[in-house]
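Visitor: Compute the structure for the input listed below.
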Amino acid sequence: MATPTLQEDKYIWLEDVEAKECLDFAKSANDQCLAALGDPKEGPTYDRILSVLESEDRIPHASSYGSSENGERILFNFWRDKQNPKGIWRKTTMGEYKKEHPKWEVVLDVDKLAERDGISWVWKGATALPRKRDPMSDNGRVVTRVLLSLSRGGSDATHLKEFDLKTNDFVSEAEAFILPEAKTRASYKSRDVLLVGSDFGPDSLTDSGYPRVVKEWTRGTPIEDAPTVFEGEKTDVAVNGYVADERSFGGSLWQIHSRSITFYTSKYYMAKLDEGNLLAPAERPESLPAMEFKELDIQEDAEIDYVGKLLFISLRSDWTPKEGKTYKTGSVIYCDWEKFWQNGKAAVDYQVLFEPTERTAYEYMTCTKDYLIVSTMDNVKSKLQFYKIGDSGSSLTLVSEDADPKIRDCSVRPIDALENNDFWFTLSSYTQPSTLFFADATKVEEASEGTDDKFIVEKFKQLPGQYDSSGLKVEQRTAVSKDGTEVPYFIVMKEDMELNGKNPTLLYGYGGFEISLGPHYVATSGLAWLERGGVYVEANIRGGGEFGPSWHQAALKANRNKAYEDFIAVGEHLIESNICKPKTLAIRGGSNGGLLMGNMYTMRPDLFGAIHCAVPLLDMKRFNSLLAGASWMAEYGNPDTSDWDDFLYKYSPYHNIDETVESYPPMLVTTSTRDDRVHPAHARKMVKKLWDLGKDKDWPIYYYENIEGGHGGAADAKQSAFMTSLAYDFMFATLTKNAEAMD
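Guide: All right, here's what the predicted structure looks like:
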């Protein structure tokens, strides 16, 4: 394939996000889209999707913020519904939470705040002041303050505002930590000291638009006067600074600075702290020694975690820390944290927490007061292990593990690891709604061997079925890619489905950034696709994390074609199985998955009957110049180098539109004006170019740009229901019409 001749980009004007001519283009395109496809609010799925998104039956997942004066656990939850489209932050007690209809106390009403401020605020989360480092917490009993992140219209950039949980109000401006809109990273070092990276002015951000410097900001002082405690390079993705307080687990108090050099490589610098280091600078004892930061002697592509006295190292490549033993890619090993920090990698003994096989992968670990819980995947099926933490946080002993991996999604979340071994355990699958259990890790040692999920104490909440899943079956199948690699995929379909090629089939894929796809309950797909007789498929293609770092690395940069070949192989396997034909096969993906959709459109227009391309990357010549794009060069390559001619041009849909093709499949492209991660110009430029080149051709292209919404594409439930039903109705109607024409 010859490199496309690069001509002047005559659509570059569409990169000016909020310029009048660009917004006029978006609004005109929106009108044309709805005129052609119909208003989804009047379609068959909008009302039901909205009712699901606003349903009172959803599980109100909650987080512990300590306990009340009488010892009751305090739980906080953020909730959106029909009456509160922007949401309320609320609290209750554990005793109330167990009830079918708990009584909640509203702490913050985001709808009222948005109305008061005249800003379309979108909740982005709260960072708590650790109660063990707060002198106002009644001996560590309760969280008293949080840093709230609120964005305009759903963008990644947020406003930082400090909130007092004793008064249920914002801290006064004279006293509070407040920062304007930026991609801020902030955490409490102590009650009166923050470690914060933000947009502090010239040279304070990386090329990717994230913090380049970390400041130590003392309450009551101007941010301009806050000293810089750490700096990265302009070419880094981002830097960060935070405190790791492992004293409750038998460990020490640490300050950690990190440089994300690329998306997958980092450097870590650590200093062991004394209690006095937590104080505001003016209050620190004169005798307090200066913090001694040392770079952690690990590979740049490794990641770290910690519990008590133990340092965990996750490997993305083989590592030989000392002579005689090499730990392979995908392994997780651990060692004595302080000894490693003091004396380096060759001075410690290592233990293996997880070693992968060809089809297993490490997912995550978390801990309760006395147990480390490890989640892994075996052929994209879930498996849990429980380790007892012993010797004051310096040893681990395996005490329980699942007998067999299962096709399900399970989530483990400690309720209060500082105080007990309780945790939230959430289960779901493609056809089974989420169930929330109260669990106790100590139960794994009490119950008899061979009993799965023996830690479950009580079922707290269960989401009712949001669609009719009767008669559905879930199977895991395998396609063979172009190079012979076996690619698994999950398929959900009717048990008695006729294999006649006419079944409307939706194939979803992502294939990037080591993100895994797997069994999970998605009510919108169920009611908008499966309930209508459709077949739903998820492909576990290379580029994802389903089989660990190696599966991801197999589709990086010059090998990106592997992800696309895998996706094509799954599509062809569905057709060979007579589940569908090209005309009855739709595909959908967003973000990096949107790039996948763009490449399927240009590479194999013959294979698909409809495409939904959401918040996509499409212009791979300029992606690194737009918003956060520079941070993704470790995934895709650098188009300003020989990477463009060597391989990147092949996977740039914007540059591979073939004017000689008479027929491309119908495609709906959607994005958000407020997306400050993937620039909306990717979608705008592709659509405008297709419209211009496709005149008098069979190139049906529809475009809808939500004026709010951020990278998720929607800012509230109504917007989300609108965008979701628009996409599903378009795909289902297109495939149904095609199936009827096959008769």
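
Visitor: Give me the secondary structure label for K737.
Guide: Classification of K737 using DSSP: H, G, I helix; E, B strand; the rest coil returns helix.

Visitor: Backbone dihedrals for the spatially closest residue to Y362 that is not a sequence neighbour, please?
Guide: Spatial nearest neighbour of Y362, chain neighbours left out: F354 (4.7 Å); criterion: Cβ to Cβ, 6 or more residues apart in numbering. All C-beta atoms are positioned from the backbone trio N, CA, C, and that covers glycine. Torsion angles at F354 (phi, psi; degrees, to the nearest 10) stand at phi -150, psi 130.

Visitor: residues touching F354, list them.
Guide: Applying Cβ atoms under 8 Å, 6 or more residues apart in numbering to F354 gives the contacts 330-332, 362, 374, 376.

Visitor: and the gap between N277 and Y242?
Guide: 13 Å (Cβ to Cβ, to the nearest Å).

Visitor: Overlap of the contact sets of those two?
Guide: Listed as contacting both N277 and Y242 by Cβ under 8 Å, 6+ apart are Q255.

Visitor: what about those two, which has more around it?
Guide: Legend: neighbour count by other Cβ atoms under 10 Å for N277 and Y242, higher for N277 (20 against 17).

Visitor: How is the more buried one assigned, secondary-structure-wise?
Guide: helix.

Visitor: isn't it right up against R284?
Guide: Yes. Using Cβ atoms under 8 Å, N277 is in contact with R284, at 7.1 Å.

Visitor: and the residue nearest to Y362, bridged to which residues?
Guide: Assessed by DSSP bridges, F354 has beta-bridge partners V332.

Visitor: low pLDDT regions in this structure?
Guide: 1-7, 447-451, 708-715 (pLDDT under 70).

Visitor: for it, what spans make up the helices?
Guide: Shown for the chain, the helices assigned by DSSP state H span residues 20-37, 46-53, 94-97, 110-117, 337-343, 443-446, 523-528, 549-553, 561-576, 592-603, 633-636, 643-646, 681-693, 717-741.

Visitor: Compare those and report which one is nearest to Y536.
Guide: Nearest to Y536 among these is helix 523-528; the distance by Cβ to Cβ comes to 5.6 Å.

Visitor: list the contacts for D643?
Guide: 557-558, 637.

Visitor: out of the residues you listed, which are buried?
Guide: Neighbour-count burial (16 or more other Cβ atoms under 10 Å) is assigned, among the contacts of D643, to 557, 637.

Visitor: coming back round to it: which of the helices of the chain has the highest mean neighbour count?
Guide: Among those, ranked by average contacts under mean count of other Cβ atoms under 10 Å, first place goes to helix 592-603 (a mean of 25).

Visitor: name the helices or strands packed onto it?
Guide: Under the contact criterion of 3 or more Cβ pairs under 8 Å, 6 or more residues apart in numbering; DSSP states H and E, helix 592-603 touches helix 561-576, strand 585-590, strand 610-614, helix 681-693.

Visitor: mind checking which of the ones you listed is nearest K166?
Guide: Across those, K166 has its closest neighbour in strand 585-590 (41.0 Å, Cβ to Cβ).

Visitor: Mind giving me the packing neighbours of that closest one?
Guide: When contacts are defined as 3+ Cβ pairs under 8 Å, 6+ apart, strand 585-590 packs onto strand 505-508, helix 561-576, helix 592-603, strand 610-614, helix 717-741.

Visitor: Endpoints of stretch 355-363, how far apart?
Guide: End-to-end distance for stretch 355-363, by Cα to Cα, to the nearest Å: 12 Å.

Visitor: tell me how far it is from the chain's mean position?
Guide: 21 Å (Cα atoms, centre = their mean, to the nearest Å).

Visitor: Name the residues of that stretch that come out as buried.
Guide: 356, 359-363.

Visitor: next one: stretch 136-145
Guide: The neighbour-count check on stretch 136-145 (16+ other Cβ under 10 Å) flags 137, 140-145 as buried.

Visitor: Other residues contacting that stretch?
Guide: Under Cβ under 8 Å, 6+ apart, the answer for stretch 136-145 is 65-69, 74, 128-129, 131-132, 134, 162-166, 171, 188, 191, 418.

Visitor: hmm, back to that, can you tell me which of the contacts of D643 comes closest to L690?
Guide: L690 lies nearest to G637 out of the contacts of D643, by Cβ to Cβ, at 24.5 Å.
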